[in-house]
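1. Any chance you can model this:
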Amino acid sequence: MREHSDSGSTGQSSLIAPDAVLKLAPNITAAEALAVFRRKLPEAEAEVREVLHPFWWTALRARTRGLFARSAKPGSAVSPGQRMNVLVNAYSGKGFIADFEPRGEAVAVAEWVDAFDSSDQAGPHPGVDQVRRTARSLVRTKVVKTVKLGMVISIDEAAAPSGVLKPNWIVTGANERYSATILVDGLDSSHYIVRVEKLVQD
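-> Presented below is the predicted three-dimensional model:
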């Protein structure tokens, strides 16, 4: 991992950046993001711009066995277990288990750092150890819900933490009644209203 000075901080804190970064391609086009916006604000004039959100990505493999199961014999096949991909927000440290394997273009670490520095989100940012703890906790919680009482769970790291740049769209515009800014997820089109303002009073 690499240590970079945090240009957005007035203190002496530094940002721990990954050694490798993937830039994911958006599944949602700019036109589709605009359509999401216009479903909220019909007939709106709007502009769309892409923003990249830095995440940490790691993969864990979970295995289960009975508490009193016999050890595997030498040379016998061992269950590969279930591989789970976890993404952890580089700003908040909150994570989720992804239903996809991150694939994309390898880019310079500087792009991940630039994306991080372009945001004004404050607060403590997760380091590698926290990313690992968050991922392990998420995987264990999911597995515990699916196994029988008395099963032993083992969780191993299948891929060390690395960086991911997740694409999103920021759509800003207005119709005759409202002005708004909406963030549209570049992977699944889910959206979040960042700002809304009423232009015409009743």
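2. going forward, measure contacts between C-alpha atoms and count neighbours the same way
-> Fine.
3. Centroid-nearest residue for the protein?
-> By C-alpha atoms, centre = their mean, the chain has its centre lying nearest to L87, at 4.2 Å.
4. That one falls within a strand, correct?
-> Yes. Looking at L87 with DSSP: H, G, I helix; E, B strand; the rest coil, it is inside a strand.
5. Wait, it touches L60, no?
-> No. L87 is not in contact with L60 according to C-alpha atoms under 8 Å; the separation is 11.3 Å.
6. Which neighbours do these two have in common?
-> Common neighbours of L87 and L60 (criterion: C-alpha atoms under 8 Å, 6 or more residues apart in numbering): A135.
7. do you know how far the residue nearest to the centre of the chain is from F96?
-> 6 Å (C-alpha to C-alpha, to the nearest Å).
8. list residues touching both of those two?
-> Joint contacts of L87 and F96 (C-alpha under 8 Å, 6+ apart) are A135.
9. What are the boundaries of the helices in this protein?
-> Taking DSSP state H, the helices of the chain run over residues 30-40, 109-117, 128-144.
10. Give me the pLDDT for S162.
-> On the pLDDT scale, S162 is placed at 96.
11. Let me see the contact set for it.
-> So S162 contacts P18, D19, A20, V21, W56, W57, T58 (C-alpha under 8 Å, 6+ apart).
12. measure the second one to A35 for me?
-> Which is D19. 37 Å.
13. mind listing what the residue nearest to the centre of the chain touches?
-> F55, W56, W57, T58, G95, F96, I97, A98, A135.
14. and the residue lying closest to it once chain neighbours are set aside, bridged to which residues?
-> Using C-alpha to C-alpha, 6 or more residues apart in numbering and skipping residues adjacent in sequence, the residue nearest L87 is W57, 4.6 Å away. Note on W57: beta-bridge partners L87, S162, judged by DSSP bridges.
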